[in-house]
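> dropping the sequence and predicted coords here.
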Amino acid sequence: MRPMRIDAEKDFGERECPGCAGVVEENENTCPICGYEFPRESRRRRAGRITAMLAALLAFLALVLLGRLI
Ligand SMILES: [Zn+2]
């Protein structure tokens, strides 16, 4: 017999705890094994950083283009 529940749980989402290397469910913000607290909304913060980098790049390109035109 195969434990089908493990596959169903994996579809839900799991991540490795950096504190104890244990497997923690994605919806858990705190590791139930060692109590490590996962940083909240890290994905959104990373996306914001990329947007800021793109904005800086666009501003730099605009400055270069303006410098060539003048
Ligand atoms: Zn842990």
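Sure thing, it's come through. Numbers count the residues shown, from 1 in each chain.

> distance check, the nearest residue to Asn29 once chain neighbours are set aside against the ion.
Among residues not flanking Asn29 along the chain, Phe38 sits closest, at 5.4 Å (Cβ to Cβ, 6 or more residues apart in numbering). All C-beta spots, glycine's among them, are computed from the backbone N, C-alpha and C. The span separating Phe38 from the ion equals 10 Å under the rule Cβ to the ion, to the nearest Å.

> tell me the pLDDT of Phe38.
You'll see Phe38 listed with a pLDDT of 89.

> repeat for Ile33
Ile33 is given a pLDDT of 94.

> that one contacts Cys20, doesn't it?
Yes. Using Cβ atoms under 8 Å, Ile33 is in contact with Cys20, at 5.1 Å.

> list the buried ones in the longest helix along the chain?
For the chain, the helix with the greatest residue count under DSSP state H is helix 42-69. Going by neighbour count (16 or more other Cβ atoms under 10 Å), nothing in helix 42-69 comes out as buried.

> now it: average pLDDT?
85.

> just checking, what packs against it?
On a contact count with 3 or more Cβ pairs under 8 Å, 6 or more residues apart in numbering; DSSP states H and E, helix 42-69 meets no helix or strand.

> chain center to it, what's the gap?
20 Å (Cα atoms, centre = their mean, to the nearest Å).

> same check on stretch 17-24?
Per Cα atoms, centre = their mean, the centroid offset for stretch 17-24 relative to its chain is 16 Å.

> ok, and for it, which residues are buried?
Cys17, Val24.

> just stretch 23-38 next, same as before
Buried, per 16+ other Cβ under 10 Å, within stretch 23-38: Val24, Cys31.

> that stretch spans what distance, first to last residue?
13 Å (Cα to Cα, to the nearest Å).
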